[in-house]
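my questions concern the predicted model and sequence given below.
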Amino acid sequence: MVPLRVRSSYSLLRATGSPAALCRLAVTLGYATLALTDRDNLYGLWSFLAACRREQLHPIVGAELSETEGDRVVTCLVKNIDGYRNLSLLLSKRHAGELDVEKDLGGHAEGLFLLGRDRELLEILHQQGVQVAADLGPRPTEAGRSLREWAKLRGVPAVATPDSALGKEEDQDLYLLLRAIAHNTSISRLGEVEPPEVQYVLEPPSVYRERFAVWPEVIGATERLAAECAFAGPAFGIIMPPWRHDHEGEAGRMLRLKAYQGACRRYGDDLGEPVVERLEHELRVIEEMGYSSYFLVVRDIVHRKGADGHRIKRRICGRGSGAASLVAYCLEITNVCPIKHNLYFERFLNPGRTDPPDIDVDFAWDERDTVLQEVLSDFAGHSAMVANHIMFQPRMAIRETAKAFGMPGSEISRLTKRLPWLADRNEGSLQQRLEQLPTLRDQDLSEPWPEILTLAARLIGIPRYLSVHPGGVVITPRPIREYVPVEYAAKGVPIIQWEKDGTEEAGLVKIDILGNRSLGVIRDAVKAVQRQGGELDEMHWNPEDDQRTRSGVARGTTMGCFYIESPAMRLLQQKAGSGDFEQLVIQSSIIRPAANEFVREYVRRLHGGAWQPLHPSVGDVLDETFGLMVYQEDVSRVAVAMAGFSHARADGLRKVMSKKDKELRLADYREQFYRGCGERNIGAEDIDRVWKMMMSFDGYSFCKPHSASYARVSYQAAYLKHHHPAEFMAAVISNQGGYYSTMAYVSEAKRLGLTILHPDVNRSNERWSGEKRTIRVGLQAIQGLSQKSMARIVTTREQRSFSDPVDFWSRVLPAEDEARALIHAGGMDSLDTGGNRTMLLWQWASFQRNRTLSATHTLFPVRLPEPPPLSPPDQRSRLMREYGVLGFLCDYHPMVLMGRLPGGLVKMVDAPRHVGRRIRCAGWLLTGKLVSTKTGEVMEFLTFEDDTGMLETTFFPEAYRRAAHILQSGRGYILTGIVEADYGALTLTVEQVSAIGEGARPRPGSAQL
Amino acid sequence: MYRERSILHFNVADFAVAVERVADSSLARRPLIIAPPAAARSVVFDMSEEAYQAGVQKGMFLNQATRLCREATVLQPRVELYRRAMAGFLKRVQYYSPQVEHGVEDGHLFVDVTGTHRLFGPAQDVGLRVRREVRDGLGINPIWTLAGNKLVAKVSSRLVKPVGEYIVAPGEEEVFLAPLQIGLLPGVYGKELRTMGELQISTIGQLAGLSPRQLMVVFGSRASWLHGASRGHDDSMVMGGVQEAMPVDHEHCFTPDTNDRQEVEAALATLIARVGSELRARGKAARRVGIWLRYSDGNHVVRQASVKEGTCSDFGLRRLAMDALQRAWLRRTRLRSIRLVCDRLHRQSPQLTLFPETSVETRRQEKLLGAMDAIRGRYGKRVIALGRQCPDEPEPDNTDVVFH
């Protein structure tokens, strides 16, 4: 018996077992072959193949294909590569809604075996000469009997199939939960939307043999059928994107030409020896490895030719190891000079490398979609984006399960919003883990939560849906549907059915086209500076050599600057105090989770502290980074030096660290590393220490070229901030998505001495604008004002300025909420001669009434009746409303809204005068970051500010446990703690915290009779 | 002929708490929360002023409430007891006037004592006397206020809450209201209140200062009511006694809240049985059945089903109720309560039709229900029920307090 029809959890919300678990189960039950047939997809193909390799099972690739409309299902099993192509095509058609089972299955059945239960359909397919088999399911039934008779009559095989959806027998309730989630209903009401159906689990061969003892041939038939399916997964080799004019050698010649032309632009006509030598070397390797056309395609994408034949120069930032290539720099795919900054080309490409390299490029966030659209239309039918397989994570699992249990949304959010962080491999049940979280100290986890959490825990890791990878695009020489099934994401872009790792395993080269907010910031700020007559020649702009910029970086005044604005980064810059480009490259790499002790060590060594190499065998490999492993490639280099790894193997180790599900493969490398070091007589203690250090690169780390490429953008931002603060801060806020809230950036702008001008319907643009020492709030800051209305305000104003409120309302026609928001934000103040926002509100109401009464527009200007004498709002109400629609205050710090504060508070700007002493201060919580201590306890770093300055604080585990449940950003607190200084960086170690503004409440009138 | 009216308003703040405190004097001055405590996810039914100040609110989850007010005593609601207390209260008031308007067990009473001067003396004496009688007889100390209409009497009660008395002399309504906060005006809530806040209208007097035309600009069709109310005008009558056409209305609270189909249908069956026997007892048939669902997140849905020919049979009511439930219950969030309202009542004709239109089955059902009603009448409501009903749990009533 061979199980020919088994669904895994990749049959989204229709099955419970993972491919790995199913393979394990199959082996335990004594099967040697297993077919995975998920519903309408090949999502799980690569994890299935990997599991089969591990378990030494023979895989049969397949899928269940369902009708778009109707409920007929056919199971397709792949016999050979033609069958695979056909299946991929059929699945793509199914997702495009173009599938007609009767016609398409006939036309694309080559290389496939089709199992079905619908006799009519089988008959049609059989007559078209398709290889079909009758699927009798997991037990003999009446329907099965007549199907078998039909099969006998036609000489077609009839087979028993497990038709299983459960990973194990006890998954019945999990399956019901999945169905309830799929239908947005509760488990008890699932029967109303879907007829209850018994679900099966894969059972031992003997069970099927016994059950089908009446028709013994249907068991034997499965084996004969399986024997025909020798296909064990696609093996394409490396699939490069095709270049338009790629004839014999043409690509190589063209790349050489373009690289030299670019070099002359970069370095001047007289190229020095190092440049020429390096170019020649790189071009040779690229040519040998057959990557010339790949470079040219990327160049076409990045700087696409416009209709006029000229290339459009886009602001970009090459990321990843590609930045180590001089050829890429000359093609303007990347922006840092690899010679100047010592970036090794081998990190990117070397003849020993067997996996495809990827060139990743950042575009301004608002230009990225255009670039993607261009690629997808230039290579229509040959390109698609990479998918992300979204699995249930703890938060989503809890949320979805609780919803199926009918818990009210607010109650669920109360729990899930406070789930900051759940380590995956913690011990204990989900409930025990939640109960230990300090943020959930107040949470009630009584009935029915225990039941919800038990079920939710089993949901974690099950695939939920497909989303689009942030920027990965695959381009193929032949139609892409021949390589991989393609479907369409909600926003309409084509995506392949595999995620990043599967794509790579299949050999499909991916190009990452990503959005980057800061490129938009720099673009807008540079434009604003130039518009106002400032001079900035970008081709020869070297912000890393500018004194003012360097000193700013050294002081950590880099809020708003790309990649170096987080509190941790700013504190590190202050401690380092160097402002050096090379150091910044190190700093932006060294800050990563699980590397705190290395950060401290780095600062100590930077300031002249003594240090020894990691191990004598490492030699001077890490001298540049003071003997510390900082970059991804350092892992490989140390593995080569200490354990004698080959370069390719060491590169493999580096790569596997950033993968999911790496445990198994990593164990292999660990074994080899320990053995290699052991052979070189390195002490066990040293091996342990270095291996642990390597493991700190787990999941999140950068290579040097990437860091350098990013550091360049950081310096550009820092330059703009320190030379053109108004233009820069306006661009930061306009582009949104920075590390801090708009309010925090507004405060920073005020600290820079800038004046924040109220939004004004006659002066504000959609975006914020900065000029000299002032920033004008953009209309985009007004909550509830639609994109359409903003555009209408700006275009209407171009014809003629608004003369009074009625003029504005009758020409712009804002919605009720919009008009009120504009008034509260102060956007109408300039039109209001009386300076009374209450009157404006009245006039608006009056205007609205007038408009509803006179359905037709009058020729004559609208005249409103005289409003009653209403007093203007008191200052507090005015500011509260302003804060309500803007989220910040133009003239004050929101702390003024918190009422009277206790005496004896220290202002944050004065904190440096209290180093080593205990102070009490009032602060507004901006942002925070949770970390875990060595012993696994949770602590938090929080950033507070008041009207004078910002203060970084540390909540050690005990203080954090006490305070976590009251801390939320966007409100004020009284903090008591000790001011500490470390290499000039100031922090407050908080001992006590209390929220401001919690008092007795007035009781509203009693209920009405 | 226009005659000045005298309306008394009696109000016992936190009625359930007041009654419990009478039942157990050791509870006086201790924070008190009334909620079904045994079950998980039960919600607060009522609470004392002390508990309110600690942050407890009606409808809040009990375990959240007890965390806010750790020292509070939690008592199980005894609706029957409150109803009896209310009846005792009512009995004393009804002695003075047949025109008494009241809620179910919420401690609010309007009494129209217009023209009773010769019988009982001036209205304020009645107020004083009722208060004294209620205090001495029931141990509850109600607020009493006197005014020319319900609106002003109610505002006065709100003003003196939680204890006290107030008299607004005829003609002084406007002056009395003028300095008061706008929030004290009954019937002004939510969006209107916010709009007034935005327009810097904070007192009732400021509202009264606006002309109907001006009010129309902002409040549209509500303008004339607001104009009258802000000046203390209110012509509404005190509606006393059970009205002929008063709908039959029963509610079931789920503790804990639920979204289990069986449980909800069982609760509905129980409500139907209750409504059915009440209709039959009153000799009425309902042409419309409404289902009111309250979800645990506070959302409300009401759906109705109606027929031309009224029914009072449990089976007929069930058909309508299930139809309404089908359309009302669309979300998967848990239900906190379900309410069954039967209205458009008409008198059941005792005369039989000449040609029976009803089927044999219907007639058998009618006979069955008749027999069940008879058994219930003789041996108590809980002795017999349809299988689909949820078992009625008797509410705890082990106190020997007597309100009469």
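Thanks, I have it.

any chance you could map the helices in the stretch 101-250 of chain A?
Ranges of helices in the stretch 101-250 of chain A, per DSSP state H, counting those that start in this stretch, are A:101-107, A:119-127, A:142-154, A:172-182, A:205-211, A:217-228, A:250-267.

select, out of those helices, the one closest to residue A:237.
Using Cβ to Cβ as the measure, helix A:250-267 is the one of the helices of the stretch 101-250 of chain A that comes nearest residue A:237, at 18.1 Å. For the C-beta atoms, the positions are set from N, CA and C on the backbone; glycine is no exception.

can you confirm residue A:624 is in a helix?
Yes - with DSSP: H, G, I helix; E, B strand; the rest coil as the criterion, residue A:624 is part of a helix.

for it, which non-adjacent residue is closest in space?
Spatial nearest neighbour of residue A:624, chain neighbours left out: residue A:342 (7.6 Å); criterion: Cβ to Cβ, 6 or more residues apart in numbering or on different chains.

doesn't that neighbour belong to a strand?
No - going by three-state DSSP, the assignment for residue A:342 is coil, not a strand.

that one: how many residues sit nearby?
Here the count is done by other Cβ atoms under 10 Å in any protein chain shown, and residue A:342 has 14 residues near it.

look up phi and psi at it.
Backbone torsions of residue A:342, given as degrees, to the nearest 10, read phi 60, psi 50.

now for the nearest residue to residue A:66 once chain neighbours are set aside: which residues touch it?
Of all residues not flanking residue A:66 in the chain, residue A:73 sits nearest, at 4.8 Å (Cβ to Cβ, 6+ apart). Counting by Cβ atoms under 8 Å, 6 or more residues apart in numbering or on different chains, residue A:73 makes contact with A:39, A:64-67, A:116-117.

show the buried residues in these.
With neighbours counted by 16 or more other Cβ atoms under 10 Å in any protein chain shown, the contacts of residue A:73 contain buried members at A:39, A:64-67, A:116-117.

of the residues you listed, closest to chain B?
residue A:39 (24.3 Å; Cβ to the nearest Cβ).

okay but that closest one is in contact with residue A:67, surely?
No - contact between residue A:39 and residue A:67 fails when scored by Cβ atoms under 8 Å: they sit 11.8 Å apart.

lowest-confidence one in the buried ones among the contacts of residue A:73?
Within the buried ones among the contacts of residue A:73, residue A:67 has the lowest pLDDT, namely 90.

who's in contact with that one?
By Cβ under 8 Å, 6+ apart, the contact list for residue A:67 reads A:73, A:99, A:101.

hmm, try it at 10 Å
With contacts defined as Cβ atoms under 10 Å, 6 or more residues apart in numbering or on different chains, residue A:67 is in contact with A:73-74, A:94, A:99-102, A:118, A:121.

repeat that for residue A:332.
Residue A:332 is in contact with A:258, A:262, A:265-266, A:299, A:302-303, A:311, A:313-314, A:316, A:318, counting by Cβ under 10 Å, 6+ apart.

who wins for most neighbours among these?
Greatest neighbour count in the contacts of residue A:332, by other Cβ under 10 Å, goes to residue A:318: 28 neighbours.

can you report phi and psi for that residue?
The phi and psi torsions at residue A:318 (degrees, to the nearest 10) take the values phi -70, psi 130.

go on, the one 5 residues further on?
Here is the backbone geometry of residue A:323 (degrees, to the nearest 10): phi -70, psi -10.

that one contacts residue A:333, doesn't it?
Yes - using Cβ atoms under 10 Å, residue A:323 is in contact with residue A:333, at 8.9 Å.

between these two, point out the one with more neighbours.
Per other Cβ under 10 Å, whichever of residue A:323 and residue A:333 has more neighbours is residue A:323, with 31 against 23.

which residue packs closest to that one, ignoring adjacent ones?
Closest residue to residue A:323 apart from its sequence neighbours, by Cβ to Cβ, 6+ apart: residue A:705 at 3.6 Å.

same question for residue A:303.
Closest to residue A:303 by Cβ to Cβ, 6+ apart is residue A:311, at 4.2 Å.

ok, now which ones touch residue A:993?
A:923, A:925, A:942, A:944, A:953, A:955, A:959-960, A:962-964, A:966-967, A:973-977.

which residues of the stretch 851-1000 of chain A lie near chain B?
Selection of the stretch 851-1000 of chain A residues close to chain B by Cβ under 10 Å from any Cβ of the partner chain yields A:852, A:864-874, A:877, A:881, A:998, A:1000.

quick one: which of those residues sit in helices?
Of the positions in those, A:852, A:877, A:881 sit in helices, assigned by DSSP state H.

most neighbours, which of these?
residue A:881 (20 neighbours).

quick one: low-confidence ranges for chain B?
Within chain B, the segments meeting pLDDT under 70 span B:1-3, B:37-40, B:103-106, B:240-245, B:349-358, B:391-404.

quickly note the distance from the residue lying farthest from the centre of chain A to chain B.
Centroid-distance maximum for chain A: residue A:153 at 56.1 Å, with Cα atoms, centre = their mean. Per Cβ to the nearest Cβ, to the nearest Å, residue A:153 is found 46 Å from chain B.

okay, now the domains of chain A?
With domains defined by automatic domain parsing, chain A comprises A:19-228, A:239-392+A:461-541, A:546-713, A:754-886, A:898-995.

so which residues of the stretch 1-150 of chain A form strands?
A:33-39, A:58-66, A:73-78, A:112-116, A:132-135 (DSSP state E, counting those that start in this stretch).
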